[in-house]
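1. Model the following, please.
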Amino acid sequence: MTRNKQWILGAAWILGAVLWAGGCGSGNGSDGPCPENVLEGDYTVSGDSNAVADLEGYTRITGNVNIGSTTDTDLAPLGCLKQVDGSLSFGFMEHLTSVQGLSNLESVGGNFGMYHCHVLTNLDGLEKLNSIGGYLDMSFNTVLPLCLVEQFVQRLRDNGFTGNAETSSNDETAICD
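-> Now for the predicted structure:
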């Protein structure tokens with residue numbers, strides 16, 4: 001093999017490795033490959049800005065995750081997260097405008113809660129979440145259309161969810177397609 005061909009093959013390999021690694025860790029919720037990265041145990045944070053950044057790159061968390069009263073506006077750093085073995089909750093996140101960062105989340109083994117997120121207007125990013133082992137609490141999200149929450153609950157039920165679903169105090173005046 002000539003020297004030029006070796007250089008081109010080497011450069012192509014390096015570029016491929018960089019592109020492959022860039023699918024995770026960027027926090028953009030991309031569908032790029034994320035190498036398995038497990039956080040053992042529970043994670044709780046309250047009152048910090050950019051709190052979810054500590055969870056960037058994890059594909060699975062074996063414990064419970066409780067995030068509340070932060071100034072995070074989105075969940076982009078959670079773009080690699082596929083599974084939480086315990087419960088997952090986001091509460092009193094007054095600045096949260098998007099859950100698109102959860103676009104790879106498939107299952108929560110315990111309860112799933114998203115409450116008092118007063119500027120959240122849609123659930124885009126939860127399309128892959130098909131399994132919740134406990135109850136669902138999506139309440140007091142005052143501008144989140146109740147009809148979107150009900151559609152989300154119905155999709156979960158169609159996939160076998162049998163738990164209780166609390167959906168009170170979301171926007172009952174909004175109209176969904």
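2. Contacts only, for the residue minimising distance to the centre of the chain.
-> Centrality entry for the chain: nearest residue to the mean C-alpha point is residue 102, 1.9 Å, by Cα atoms, centre = their mean. Contact analysis of residue 102 by Cβ atoms under 8 Å, 6 or more residues apart in numbering lists 29, 75, 78, 81, 125, 126, 129. Heads up, the C-betas are built off the backbone N, CA and C, glycines and all.
3. how near is residue 88 to residue 176?
-> From residue 88 across to residue 176, the span is 24 Å (Cβ to Cβ, to the nearest Å).
4. These two - which one has more neighbours?
-> Neighbours were counted for residue 88 and for residue 176 using other Cβ atoms under 10 Å; residue 88 has more, 28 against 10.
5. So the more buried one is in contact with residue 60, correct?
-> No - the criterion here is Cβ atoms under 8 Å, and residue 88 misses it with residue 60 at 11.8 Å.
6. what are the ranges of the helices in the chain?
-> All helices of the chain, identified by DSSP state H, fall at 3-22, 146-158.
7. Least reliable of these by average pLDDT, please.
-> Lowest mean pLDDT within these: helix 3-22, at a mean of 38.
8. got any ranges where this protein has weak pLDDT?
-> 1-32 (pLDDT under 70).
9. where exactly do the strands run in it?
-> 38-39, 43-46, 60-61, 65-68, 83-84, 88-91, 107-108, 112-115, 131-132, 136-137, 165-166 (DSSP state E).
10. Adding distance to residue 98 as columns, could you present those in TSV?
-> Listed next are those as TSV, based on distance: least, Cβ to Cβ, whole Å:
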stretch	distance to residue 98
strand 38-39	22
strand 43-46	19
strand 60-61	20
strand 65-68	14
strand 83-84	19
strand 88-91	12
strand 107-108	19
strand 112-115	12
strand 131-132	20
strand 136-137	19
strand 165-166	22
